[in-house]
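**Q** 3D model of this:
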Amino acid sequence: MAEETARGGAARLVLGVTEDRQSLGDQIQSGALSRLAPPDRARAQRLALATLRNLNRADAVLKPFLRKAPPPAIRATLRVAVTEIFAEGAAAHGVVSEAVDLARRSGRKTEAFAPMVNAVLRRAAETPAEAWAKQPPAPLPGWLRGRLMSAYGKAATLAMEAAHARGAPLDLTPKDGDAAALAARLGGEKLPTGSVRLTGPAQVSDLPGYAEGDWWVQDAAAALAAKALAPRPGERVLDLCAAPGGKTLQLAAAGACVTALDLSAPRMARLEENLARCRLAAETVVADALTWEGAADFDAVLLDAPCSATGTIRRHPDLPHLRDASGLKEIAALQAALLDRALTLVRPGGRVVFATCSLLPEEGERQVSAAIERHSGLVADRDALALPGVEPGWIGAGGGLRLRPDHWSDRGGMDGFFIACLRRRD
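**A** Model (predicted):
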């Protein structure tokens, strides 16, 4: 499939996700959009994200005009075109013309379908906008949907699916903590938790204050983990599984003496770049947290553990096409081992914040309750979670903070996250 245009690049990305089970990030990193200029590259990514969020709507509009399923490459082109017309509001004639041209230029296997692409899209473009809008949000895959139904009920699960379809705005964390000033500077909204939210497309590196390191991109939910840890100036704090570094930046900005550890050298390099841009300091270590033989007796440890990432679907709509339940037990076992390890690295009376960007109780609430059973003297500190902007109903009976994509639905939602603050008694 040709990539000379943003639409062609978007179709290639969608095809890579739905047919080859390759994430958008992996495709982009491997050069899938390398033939596009930066503005077209950004547009291709935006179109691919919109298409993946609206696959069921696109298929519903196309279905009446397809007698049989077209080849995958043609289907991807049709899906992108219909999404651009109905979700992006693009003029139909330009979208149809380029989709036909794309089919002609994409090789012998697709050029014969150019007349069909023309006919189908012209008819599909005449579909009333209400037919697109009335389609329900894409359901989550069965393995995940069933678990969420059991944990939160049908209404909450449907609300989360609707939040995924709406996508995610851009959240920023101010280095100096002055969210009101940053919101005024960038024309954004100060959120109750202290983050700043921007709506609409934006080139991050072009925004005021980026080059100066005055802020960094971080979802409002993710920013609460470091706030629950509440580092004090001069405290020795360990950030386990630290990259790409949003929480490390928060801890360092608070004045803590931070050690950031991560297994991935490339991801740690990104963390170091972020530290340099924001003019903050931290010791960085590339190592396996389970076997690292560094210093112990930290005042506090923050563990944002590897997980299924099911809380990030609203910004990563490719994830439902890539994940299944096959690795959940292994991930949960790794989380438990990492949490046990974190508890050995904190001094008596110290605290460990355990966090995952997962919606699954087995990666959150159950991990904490199991850890408390395994470790004598370990307690969950509910008071640490009583943060500005956190609603009391978000804190569960077990002392953990459960955040969901449907929270703040009138403000644009938030990532799904679980956070708990554990303390070892003296």
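**Q** Would you agree residue 76 is in contact with residue 9?
**A** No: contact between residue 76 and residue 9 fails when scored by CB atoms under 8 Å: they sit 11.1 Å apart. Every C-beta, even on glycine, is put in place using the N, C-alpha and C of the backbone.
**Q** OK, contacts around residue 77?
**A** By CB atoms under 8 Å, 6 or more residues apart in numbering, the contact list for residue 77 reads 1, 7, 11, 99, 102, 103, 117.
**Q** Return the item of those residues having minimum pLDDT.
**A** Note: of the contacts of residue 77, the lowest pLDDT belongs to residue 1, at 42.
**Q** Tell me which stretches of this protein form strands.
**A** 170-174, 189-190, 196-198, 215-217, 236-240, 257-262, 283-286, 298-304, 346-356, 378-380, 401-403, 417-424 (DSSP state E).
**Q** deepest of those strands, which one?
**A** strand 236-240 (a mean of 27; mean count of other CB atoms under 10 Å).
**Q** which residues touch it?
**A** With contacts defined as CB under 8 Å, 6+ apart, strand 236-240 is touched by 229, 231, 247-248, 251, 256-261, 282, 289, 297-305, 338, 341-342, 345-346.
**Q** How about stretch 174-190?
**A** 172, 191, 194-199, 207-209, 213-216, 249, 253, 278, 280, 411.
**Q** Quick one: end-to-end distance for it.
**A** 11 Å (CA to CA, to the nearest Å).
**Q** mind listing what's buried in it?
**A** 174, 175, 179, 182, 183, 185, 186, 188, 189, 190 (16 or more other CB atoms under 10 Å).
**Q** For residue 119, see how far away the last one is.
**A** Using CB to CB, to the nearest Å, residue 190 is found at 50 Å from residue 119.
**Q** circling back to that earlier point, please convert the buried members of the contacts of stretch 174-190 into PyMOL selection syntax.
**A** In PyMOL, this line selects whichever of these come out buried by 16+ other CB under 10 Å:
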select buried, resi 172+191+194+195+196+197+198+207+213+214+215+216+249+253+278+280
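**Q** Residue 220 touches residue 195, doesn't it?
**A** Yes: between residue 220 and residue 195 there is a contact at 4.0 Å, judged by CB under 8 Å.
**Q** so what sits against both of these two?
**A** residue 171.
**Q** Enumerate every residue touching the residue nearest the centre of the chain.
**A** Of all residues in the chain, the one closest to the mean position by CA atoms, centre = their mean is residue 312, 3.4 Å from it. Counting by CB under 8 Å, 6+ apart, residue 312 makes contact with 319, 357, 415, 416.
**Q** let's go with 6 Å and repeat that
**A** 357, 415 (CB atoms under 6 Å, 6 or more residues apart in numbering).
**Q** likewise the one 10 residues further on?
**A** When the contact criterion is CB under 6 Å, 6+ apart, the partners of residue 322 are 21, 23.
**Q** one more time with 8 Å
**A** Contacts of residue 322 by CB under 8 Å, 6+ apart are 17, 21, 22, 23.
**Q** Just the buried subset of the residues you listed, please.
**A** Going by neighbour count (16+ other CB under 10 Å), the contacts of residue 322 have 17, 22, 23 buried.
**Q** Inside helices: which ones of these?
**A** Those of these mapping onto helices are residue 17, per DSSP state H.
**Q** Just the CA coordinates for stretch 296-313, please, in PDB.
**A** Provided in PDB are the C-alpha atoms of stretch 296-313 (Å, rounded to 0.1, in the frame of the first residue of the first chain):
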ATOM      1  CA  ALA A 296      18.100  -0.300  50.300                       C
ATOM      2  CA  ASP A 297      16.400   1.500  53.200                       C
ATOM      3  CA  PHE A 298      14.700   4.100  50.900                       C
ATOM      4  CA  ASP A 299      12.300   6.500  52.600                       C
ATOM      5  CA  ALA A 300       9.700   5.700  49.900                       C
ATOM      6  CA  VAL A 301       9.400   3.500  46.800                       C
ATOM      7  CA  LEU A 302       7.100   4.100  43.800                       C
ATOM      8  CA  LEU A 303       6.300   1.000  41.800                       C
ATOM      9  CA  ASP A 304       4.300   1.600  38.600                       C
ATOM     10  CA  ALA A 305       4.300  -2.100  37.700                       C
ATOM     11  CA  PRO A 306       4.100  -3.600  34.200                       C
ATOM     12  CA  CYS A 307       0.500  -4.500  33.400                       C
ATOM     13  CA  SER A 308      -2.100  -5.200  30.800                       C
ATOM     14  CA  ALA A 309      -2.400  -1.400  30.100                       C
ATOM     15  CA  THR A 310      -6.200  -1.900  29.800                       C
ATOM     16  CA  GLY A 311      -6.700   1.500  31.400                       C
ATOM     17  CA  THR A 312      -5.100   3.300  28.500                       C
ATOM     18  CA  ILE A 313      -7.400   2.100  25.600                       C
END
